[in-house]
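**Q** Need coordinates for the below:
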Amino acid sequence: MPDTALRLDIDRSVTLRQLRTFVTVADLTSFSLAAQQLRLSQPSVSYQVKELEEALGLPLLDRLGKRVSLTEAGSVLYSYARRTLNVLDEASLALEEMRGIKRGNLRVGASTTVGIYLLPAALGAFKKLHPGLVISLEIGSRVRVQEQVLRNELDLAVVGPALKDPDLASIPFVSDELVVIAPANHALAGRRGLGLKDLEGEPFIMREPASGSRASFEKAARKAGAKLDVAMELGSNGAIKHAVESGLGLAAISRYACALELSGHRLVELRVRGFPIRRDWHIVHLRRRRLPVSVLAFIEFLQGTSWLARNGPQRPPTD
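**A** Numbers count the residues shown, from 1 in each chain. As a prediction, the model looks like this:
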């Protein structure tokens, strides 16, 4: 039988908040990353762990510069704390299912293009249906947001190519089209029968190397045997559109991203063989996780795509 006095002392001294903070620091091996995920200040995270160590009378983490590792006592506590928090999370899910989607959190991630030009409309429409739901949207590179899903920092992410990871489930979303754009007064505007090799002498404005749209464009260029002149690399579609409109070069970006500029004749779509390039976006989530009812409902809502016509841009052509 465990010592009753000691057990009761732990009951009074250790809080669930301390345990969750400790587990998060251990998972991320970093106080600063844990603070970001928990939306706390770094001193607050350090204080929670210090209080837990003092309550137990044992060191739990070794501080090694910016990284931390578990001590022997920390490894023992981590396994019990993780199991305890998993059970509590399951209880929370069960209760959430009983009350529907009247409360709770929905943490969504997205790669840049879909996160800026498509998902806000979907999230806004879903929020109107479930006003009590707290929704957050994290926009980053497709690799970064999928890694956040793997760490359970996000409930789901919408990206182009999904990572080939057995822990991730991938669900087809909508299709996008990559188009070649030019300034409205460009010499090639209106010309038919262009190939990528006809554009070899043109300067191109590109996204960063990790961009999915850039990868698709460069793949098409290699297939056509065309050597592209990368004149500039910019980190956002908005900056690229301004650069193209200013006559600094051509670009290949999502039709969703330039729909307004094309309809307003500020930019033109060049008629290039092999374009537009069709690419699919995907919804990814943790395969092993029992998804909350709010996440399941949002995935179903996204797949319905009725919000596309009601809110924001129309679906690209499918023929």
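**Q** what element comes up after the longest helix belonging to the chain heading to the C-terminus?
**A** In the chain, assigned by DSSP state H, the helix with the most residues is helix 72-99. Using DSSP states H and E, the helix or strand that follows helix 72-99 in sequence is strand 105-110.
**Q** Any buried residues in that following strand, and which?
**A** L106, R107, V108, G109, A110 (16 or more other Cβ atoms under 10 Å). Where C-beta positions appear, they are placed from N, C-alpha and C, glycine not excepted.
**Q** would a markdown table of those residues with distance to L70 be doable?
**A** Listed next are these as a markdown table, based on distance: Cβ to Cβ, whole Å:
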| residue | distance to L70 |
| --- | --- |
| L106 | 31 |
| R107 | 26 |
| V108 | 31 |
| G109 | 28 |
| A110 | 33 |
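**Q** host element of Q36?
**A** Assigned by DSSP H and E, Q36 belongs to helix 31-38.
**Q** Counting by contacts, list what whichever helix or strand comes after that helix packs against.
**A** Using DSSP H and E, the helix or strand that follows helix 31-38 towards the C-terminus is helix 42-56. Judged by 3 or more Cβ pairs under 8 Å, 6 or more residues apart in numbering; DSSP states H and E, helix 42-56 is in contact with helix 4-13, helix 16-28, helix 31-38.
**Q** Would you mind putting the buried residues of strand 105-110 into a markdown table with distance to L77 and pLDDT alongside?
**A** Below are those laid out as a markdown table (distance: Cβ to Cβ, whole Å; pLDDT from 0 to 100):
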| residue | distance to L77 | pLDDT |
| --- | --- | --- |
| L106 | 31 | 92 |
| R107 | 27 | 94 |
| V108 | 32 | 96 |
| G109 | 30 | 96 |
| A110 | 36 | 95 |
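**Q** Just the closest of those to V14, please.
**A** R107 (26.9 Å; Cβ to Cβ).
**Q** Tally up the residues packed near L28, please.
**A** Other residues within reach of L28, judged by other Cβ atoms under 10 Å, total 19.
**Q** is it true that it touches Q37?
**A** Yes: between L28 and Q37 there is a contact under Cβ atoms under 8 Å: 6.8 Å.
**Q** how far is the helix or strand containing A121 from where the chain is centred?
**A** For A121, the host element (DSSP H and E) is helix 119-129. Distance, stretch centre to chain centre, for helix 119-129: 16 Å (Cα atoms, centre = their mean, to the nearest Å).
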